[in-house]
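Q: please work out how this folds:
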Amino acid sequence: MSTQPSKNLDTFENPNRARDYTIRIRIPEFTCLCPKTGQPDFAELLLEYVPDARCVELKSLKTYIWSFREEGGFHEAMTNRILGDLVAATAPRFMRLTAEFNVRGGIYTTVVAEHRDPAWEAPRPVSLP
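A: Here you go, the predicted structure:
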């Protein structure tokens, strides 16, 4: 197989830096290991961000997410680590990562972590008649 897991996150120049727009990326097959039992944990990740100068390249995001498959970590730690790495790579105006973990022991866990550039002001919502 030519592609391997990687912690590298490649980026490319935002093609429309003058405009605020939202990129949504759904990642339905995130896996990591439970730090207590070593059993696999499964989650669906939803990444939403308003880019500034750089956007994340999707193939590198795929191999980055794949790299967690054999790592143990609590849901909260995994979510915040991934968000931190993505923010470091792209320096977005705004970024939110929602991690919806599948049931384990009768409990579902959803972790939401956000980053906001202090210099960025969100546009006001438009209400149409």
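Q: for I107, name its beta-bridge partners.
A: R104 (DSSP bridges).
Q: what's the per-residue pLDDT of it here?
A: If you check I107, the pLDDT there is 91.
Q: and it, how far from F101?
A: 9 Å (C-beta to C-beta, to the nearest Å). For the C-beta atoms, the positions are set from N, CA and C on the backbone; glycine is no exception.
Q: out of these two, which sits in the busier spot?
A: F101 (20 against 7; other C-beta atoms under 10 Å).
Q: okay but the more buried one is in contact with P40, surely?
A: No. Taking contact to mean C-beta atoms under 8 Å, the distance of 11.0 Å between F101 and P40 leaves them out of contact.
Q: return the residues in contact with N14.
A: 51-55 (C-beta atoms under 8 Å, 6 or more residues apart in numbering).
Q: got the residues you listed as JSON lines, with pLDDT, neighbour count and distance to P125 columns?
A: As requested, those are exported to JSON lines (pLDDT from 0 to 100; neighbours: other C-beta atoms under 10 Å; distance: C-beta to C-beta, whole Å):
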{"residue": "P51", "pLDDT": "98", "neighbour count": "25", "distance to P125": "20"}
{"residue": "D52", "pLDDT": "98", "neighbour count": "17", "distance to P125": "21"}
{"residue": "A53", "pLDDT": "98", "neighbour count": "12", "distance to P125": "25"}
{"residue": "R54", "pLDDT": "98", "neighbour count": "17", "distance to P125": "26"}
{"residue": "C55", "pLDDT": "98", "neighbour count": "18", "distance to P125": "23"}
